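Colleague: coords below, sequence missing:
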Ligand code: S3P
């Protein structure tokens, strides 16, 4: 989407963040609900599904492989599962837009189907590393052609997979999930060990749908040949989307906001832990478990923030939240130092460089390092920044305007629709002053 029919935001300074908001459904869980629902026996009913372009790309891919899917309609999706071996060859390539999760998880799920399939994506996705999935899949016996280690991926028909023991070289839920999904089609057991905990939505949903998965510390084992049973899936609000309003309230004096029914899976709450260390005022209430995932209402009130050294063990638990956390750091007193976060360089954009460039433009001292950044809290000025088509960077700079000395113009914002449809409307309701210019 980046480039064509684009949008820019002009965000006027000032504002207080208030109210009770419900942000859209969790992106990771929405993808997985379609994938596992499609392979299940029976009809899976999903509510709270994210109607953003990324999750819709996954939905369209399964429709193209013959799965009857009704919706989405106000977050409700009905998936008529075709069973583990019921997918059909799509008539064309599967275009996955901006979505790394779709491409990496599908490469595992489709590696052993009886048909050839090609996975493609937009400009950003076409530049992202795929050997992290195709190398271990090749060890399992998959025959996948990359384009210099990047998309398009051409998956050949009829590979016979065998289980492997694999130590992930990086903390990546996408790679772990890819191998677990491939492991359902492999002979014997597939064991994946991760260097640090990453989101475990795949493991939880597999278990919830009756597929045996053994989790032992940092090691997950799955055996091929079992089946999935349809179920009801209530997708919680996405903590990654809630983050923009959490940071907004944390930096704007007088703010008091409650984000409703947000997923607080322990592998996703790095943002809460990091903001707490910075001195934020955060309270959880109405904690409950829904469909195997913990949820809560998150209330954030303004409190002055201080710069910190971000603990490295929090990095995978907050991996998508750093662009917004960098804005919190820019508004904090003192220095914030991030290390051990080289994965940020291979997200939808190079999030270390792009954020550092934007912050510098706005007058904040932000020095990128190989695996992180050093940000000196200061006074945010006005200016024109480029999101490089990265949804989370666009939304982060929108939040920065709350504390800016003048308006911030943010270019290349159309991809906000990949993860957060309705962001501008909700931001206006919450107290941001955003103008959208269609180009
Ligand atoms: C995701 C895993 C993370 C995250 C991405 C979604 C997932 O990627 O950044 O937005 O749904 O599994 P990595 O596994 O590459 O860290």
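Modeller: Nice, I can see it. Note that the structure is predicted; figures quoted are calculated from it, not measured. Numbering: from 1, shown residues only.
Colleague: run through the residues that contact the residue lying closest to residue 198 once chain neighbours are set aside.
Modeller: Nearest non-adjacent residue to residue 198, counting by CB to CB, 6 or more residues apart in numbering: residue 173, 3.9 Å away. For the C-beta atoms, the positions are set from N, CA and C on the backbone; glycine is no exception. Applying CB atoms under 8 Å, 6 or more residues apart in numbering to residue 173 gives the contacts 28, 198-202, 267.
Colleague: with residue 8 instead?
Modeller: Neighbour list for residue 8: 409-413, 436-437, 439 [criterion: CB under 8 Å, 6+ apart].
Colleague: get me the contact residues on the stretch 301-439 of the chain for the ligand.
Modeller: Contact residues (CB under 6 Å from any ligand atom) of the stretch 301-439 of the chain with the ligand: 319-320, 343.
Colleague: in CSV, list those along with distance to residue 75.
Modeller: Below are these laid out as CSV (distance: CB to CB, whole Å):
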residue, distance to residue 75
319, 25
320, 21
343, 30
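Colleague: how many other residues sit next to residue 259?
Modeller: 26 (other CB atoms under 10 Å).
Colleague: how about residue 297?
Modeller: Residue 297 - counted by other CB under 10 Å - has 18 other residues nearby.
Colleague: that one touches residue 260, doesn't it?
Modeller: Yes - applying CB atoms under 8 Å, one finds residue 297 in contact with residue 260, separated by 5.3 Å.
Colleague: residue 150 touches residue 129, doesn't it?
Modeller: Yes - if you go by CB under 8 Å, residue 150 and residue 129 touch, sitting 6.8 Å apart.
Colleague: list the contacts for the closest residue to residue 331 other than its chain neighbours?
Modeller: Counting by CB to CB, 6+ apart, residue 251 is the residue found nearest to residue 331 once chain neighbours are left out, at 4.2 Å. Neighbouring residues of residue 251 by CB under 8 Å, 6+ apart: 302, 305, 327-328, 331, 399, 402-403.
Colleague: change it to 7 Å
Modeller: Going by CB atoms under 7 Å, 6 or more residues apart in numbering, residue 251 touches 305, 327-328, 331, 402-403.
Colleague: and the gap between residue 19 and residue 263?
Modeller: 20 Å (CB to CB, to the nearest Å).
Colleague: more neighbours, those two?
Modeller: residue 263 (25 against 15).
Colleague: wait, the more buried one sits on residue 295?
Modeller: Yes - assessed by CB atoms under 7 Å, residue 263 is found in contact with residue 295 at 5.7 Å.
Colleague: which neighbours do those two have in common?
Modeller: Counting by CB under 7 Å, 6+ apart, the contacts common to residue 263 and residue 295 are residue 236.
Colleague: surely residue 333 and residue 377 touch.
Modeller: Yes - using CB under 7 Å, residue 333 is in contact with residue 377, at 5.3 Å.
Colleague: which neighbours do these two share?
Modeller: When contacts are counted by CB under 7 Å, 6+ apart, residue 333 and residue 377 are jointly contacted by residue 307.
Colleague: have a look at the two and say which one is more surrounded.
Modeller: The neighbour comparison of residue 333 against residue 377 (other CB under 10 Å) goes to residue 377, with 20 against 13.
Colleague: gap between the more buried one and the ligand?
Modeller: 26 Å (CB to the nearest ligand atom, to the nearest Å).
Colleague: and that residue, what's its pLDDT?
Modeller: Looking at residue 377, its pLDDT is 98.
Colleague: list the contacts of it.
Modeller: Counting by CB under 7 Å, 6+ apart, residue 377 touches 307, 329-334.
Colleague: ok, residue 183 next?
Modeller: Counting by CB under 7 Å, 6+ apart, residue 183 makes contact with 163, 190, 222, 224.
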